[in-house]
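Chemist: sequence unknown, structure follows:
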Ligand SMILES: [Ca+2]
């Protein structure tokens, strides 16, 4: 082969498929039952808190799971079978001043008596015991927000504090399929908090206040808590510590999974669009004022996108700027911003197997105080199936 032809082929092949990222998954702890998240209190303790869907929060300290849970709110939950339910304890975030005020926030699914509703989403604050840093005070609960849920699925569940200290909450479209509640569905209905990312200020005596710089304050028929709209099931989102970009993985309907960068007041398209494609109507949909994802893949590759983190840890500087994420089916990917194309390119993450799939399902990702990124996995599902394993990602 002539050298210049070989060079041409090389250029062609490198532009059509992103280079695999070869990382190592180091097991940190195992034995969790339906683990659905991992958060750090960022208090200098290096402890990790693992949420189990059934209502327990367990502490990993020095790579060991403490025998007594930090918290158990299973009695507060609406009935669920963790083998298939999307309800339960779904999210948790520590207050930025947790070390001083002991406050943290959880998102869970509770029973409701409201007619026509399946359950309600509850966002509450709790306090850690002043006498025991490894024990939450259940009686300290203050309910911040309750949102009626018409169906059992698509509940979102992510909680995260933004760099400015406000609390962001991810809510799905109310569930069922195709967002068929009401005339236009919930994602596009600005008079419901379903299908949105909310932004609230919890640093006040009353449960919460709406920040005055939210995009839709003082408008009739628009919920002022809304930060962004048009989402289907924003199961996991995170802030990039360096750029403060809010990366949100929105789980798709039948065909497309997507990653978005969430900006103030933007509409991310659901149910008009699924990813970059018209959904309802299926053709010639009106895309005006809609913000398209930075990346999508179809259901030949995955089934439910699981949002991760932009790596900003100190341990692996060459990983900086990579958005690490996956799919529930066990596949791991990265996104990398190209200064040339001004787009985010997606490539596979290999972790020892001959493909980018792990041995198990991916439920969530987590990040510790130092910026290390963790994968929250599970092999078998069921109320008594402690097959959850937490891995750290790195070289
Ligand atoms: Ca979208």
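Modeler: Here it is on my side, so go on. Everything quoted here is computed from the prediction, not taken from an experiment. Numbering: from 1, shown residues only.

Chemist: Please report phi then psi for residue 317.
Modeler: With angles defined as degrees, to the nearest 10, residue 317 sits at phi -60, psi -30.

Chemist: Going forward, the N-terminal residue is numbered 51.
Modeler: Right, with 51 as the first residue, what we last looked at is residue 367.

Chemist: Just list the residues touching the residue in the stretch 151-300 of the chain that the ion sits nearest to, thanks.
Modeler: Closest to the ion within the stretch 151-300 of the chain is residue 300: 5.5 Å, counting by CB to the ion. Any C-beta I mention is one placed from the backbone N, CA and C, and that applies to glycine too. Contact analysis of residue 300 by CB atoms under 8 Å, 6 or more residues apart in numbering lists 281, 282, 283, 284, 307, 308, 309, 310, 318, 320, 343, 355.

Chemist: What residues are bridge-paired with it?
Modeler: The partner list for residue 300 in beta bridges (DSSP bridges) reads residue 308.

Chemist: and the gap between it and residue 237?
Modeler: 10 Å (CB to CB, to the nearest Å).

Chemist: Equivalent analysis for residue 267, please.
Modeler: Distance from residue 267 to residue 237, by CB to CB: 21 Å.

Chemist: Who has more neighbours out of these two?
Modeler: When neighbours are counted by other CB atoms under 10 Å, residue 237 comes out ahead of the other of residue 267 and residue 237, with 28 against 13.

Chemist: What residues does that one make contact with?
Modeler: For residue 237, the contacting residues are 223, 229, 244, 245, 246, 279, 280, 281, 282, 319, 320, 321, by CB under 8 Å, 6+ apart.

Chemist: what residues are up against the third one?
Modeler: Counting by CB under 8 Å, 6+ apart, residue 244 makes contact with 197, 199, 221, 222, 223, 224, 231, 236, 237.

Chemist: Apply 7 Å and report the result again.
Modeler: Residues counted as contacts of residue 244 (CB atoms under 7 Å, 6 or more residues apart in numbering) are 221, 222, 223, 224, 236.

Chemist: Shouldn't it be within a helix?
Modeler: No: Residue 244: not assigned to a helix; according to DSSP: H, G, I helix; E, B strand; the rest coil it is coil.

Chemist: Could you report the pLDDT at it?
Modeler: Per-residue pLDDT puts residue 244 at 98.

Chemist: Report the contact partners of residue 315.
Modeler: So residue 315 contacts 265, 266, 278 (CB under 7 Å, 6+ apart).

Chemist: what about 6 Å?
Modeler: residue 265 (CB atoms under 6 Å, 6 or more residues apart in numbering).
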